[in-house]
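[1] coordinates only, sequence not included:
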């Protein structure tokens, strides 16, 4: 009997949400994603010590300015870990732009180009890399430009329909709508209710985005992310992609229950109007969505905290 993970892989592209190479090797995903929090965890593992030292060495000769050294060391570490992961997966690695650039379109574009250049210096073609960018208006506009340059992007920290629409209109390659963090907000702000199965607001959000994209012919890939339990994953089976933590991949591997496909492009009911958003309309829709506004801001702050912790760790080595 196949495990639920093997069943899921037959209808959805499974992506590992970790920087832990051993976990990636264990579960054999197609792709992998990293972020500052995951890189911080990875950098504290003994097996990554040589990569940490290599990143610091490269940064030391890059500049005499301490801030530039730290930024370069962090970028080098992300790329070196990405390179290691790419040696054991057949697909792509997502590498994140510094979250402190989330409201600066031009700086985000520059950083994305720098990351791609660092990968190319390591012999990795840009076709195997997705640049992760926070789904702010500025980040989405940066992605629009990068996509036109042939640098494909993964728009993260996505909590709202407005963000999803703007990303699709910008021609973004892939979005990562967050499931578990939406559920967290509703539990904290709406009290305990029945959030199981299809009542989960995070599941509902990703399902509605998936159906809207398929109905209106958008090519942007929907990759559900940030899961709190495997029930959320089961209820999004059939989504284009799902990025899943090692703990939940392990749970799926341990279960042999039948997994039913929930989302499919030929099951779309249709009937939704196509929306077009300019900046003012986008900001108004976000303003009206307290959950999305709060979780986006919180996510940027938390990624920045972990980026600073990672830089402090690198500073000790410089």
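    Yep, that arrived. What you see is a predicted model; the values in this text were computed from it and never measured.
[2] now for the nearest residue to residue 125 once chain neighbours are set aside: which residues touch it?
    For residue 125, ignoring the flanking residues on the chain, the nearest one in space by C-beta to C-beta, 6 or more residues apart in numbering is residue 119 at 7.8 Å. Backbone N, C-alpha and C define where each C-beta goes, glycine included. Contacts for residue 119 were tallied using C-beta atoms under 8 Å, 6 or more residues apart in numbering; they are 79, 82-83, 95, 125-126, 128-129.
[3] pull out the buried positions in the strand or helix carrying residue 119.
    Per DSSP states H and E: residue 119 is located in helix 105-121. Neighbour-count burial for helix 105-121 flags 105, 107-109, 111-112, 115-116, 118-119 (criterion: 16 or more other C-beta atoms under 10 Å).
[4] swap in stretch 275-291?
    By 16+ other C-beta under 10 Å, the buried positions in stretch 275-291 come out as 275, 277, 282, 285-286, 289, 291.
[5] and it, end to end?
    21 Å (C-alpha to C-alpha, to the nearest Å).
[6] how distant is that stretch from the center of its chain?
    Averaging C-alpha positions (C-alpha atoms, centre = their mean, to the nearest Å) puts stretch 275-291 21 Å from its chain's average.
[7] for the record, mean pLDDT for that stretch?
    Averaged over stretch 275-291, pLDDT sits at 98.
[8] same check, this time on stretch 22-30
    93.
[9] so residue 123 sits in a strand?
    No - judged by DSSP: H, G, I helix; E, B strand; the rest coil, residue 123 forms no part of a strand; its state is coil.
[10] what ranges do the strands span in the stretch 151-300 of the chain?
    Remark: strands assigned in the stretch 151-300 of the chain by DSSP state E, counting those that start in this stretch are 153-158, 174-177, 221-224, 241-244.
[11] which one, of these, ends up nearest to residue 26?
    Evaluated with C-beta to C-beta, those place strand 241-244 nearest to residue 26, the distance being 12.6 Å.
[12] show me what that closest one is packed against.
    Judged by 3 or more C-beta pairs under 8 Å, 6 or more residues apart in numbering; DSSP states H and E, strand 241-244 is in contact with strand 13-17, strand 31-33, strand 221-224.
[13] neighbouring contacts of it?
    Where contact means C-beta under 8 Å, 6+ apart, the residues beyond strand 241-244 that reach it are 8, 12-17, 29-31, 33, 174, 176, 221-225, 227, 233, 236, 252.
[14] in ChimeraX, how would I select just the buried ones from the residues you listed?
    Listed next is the ChimeraX selection for buried residues among those, using 16+ other C-beta under 10 Å:
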select :8,12,13,14,15,16,17,29,31,33,174,176,221,222,223,224,225,227,233,236,252
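[15] report the buried residues of the biggest helix by length in the chain.
    The residue-count maximum for a helix in the chain (DSSP state H) belongs to helix 290-317. Residues of helix 290-317 classed as buried: 291-293, 295-296, 299-300, 303, 306-307, 310-311, 313-314 (neighbour count, 16+ other C-beta under 10 Å).
[16] pretty sure residue 162 sits against residue 287.
    No - under the criterion of C-beta atoms under 8 Å, residue 162 makes no contact with residue 287, lying 9.6 Å away.
[17] just the pLDDT for residue 95.
    96.
[18] from residue 125, how far off is it?
    14 Å (C-beta to C-beta, to the nearest Å).
[19] so for those two, which residue has more residues nearby?
    Shown here are residue 95 and residue 125; by other C-beta atoms under 10 Å, residue 95 has more neighbours (26 against 10).
[20] ok, residue 310 to residue 81 distance?
    Taking C-beta to C-beta, one finds residue 310 at 11 Å from residue 81.
[21] shared neighbours of those two, which are they?
    residue 39.
[22] coming back round to it: reformat the buried residues of helix 290-317 as TSV; add distance to residue 43.
    Formatted as TSV, these follow (distance: C-beta to C-beta, whole Å):
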residue	distance to residue 43
291	32
292	30
293	31
295	26
296	26
299	20
300	21
303	15
306	10
307	11
310	6
311	11
313	6
314	8
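[23] circling back to that earlier point, now the buried residues of helix 105-121 as JSON lines including pLDDT and distance to residue 141?
    Shown next, in JSON lines, are the buried residues of helix 105-121 (pLDDT from 0 to 100; distance: C-beta to C-beta, whole Å):
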{"residue": "105", "pLDDT": "98", "distance to residue 141": "5"}
{"residue": "107", "pLDDT": "98", "distance to residue 141": "12"}
{"residue": "108", "pLDDT": "98", "distance to residue 141": "9"}
{"residue": "109", "pLDDT": "98", "distance to residue 141": "9"}
{"residue": "111", "pLDDT": "98", "distance to residue 141": "14"}
{"residue": "112", "pLDDT": "98", "distance to residue 141": "12"}
{"residue": "115", "pLDDT": "98", "distance to residue 141": "18"}
{"residue": "116", "pLDDT": "98", "distance to residue 141": "18"}
{"residue": "118", "pLDDT": "97", "distance to residue 141": "23"}
{"residue": "119", "pLDDT": "98", "distance to residue 141": "23"}
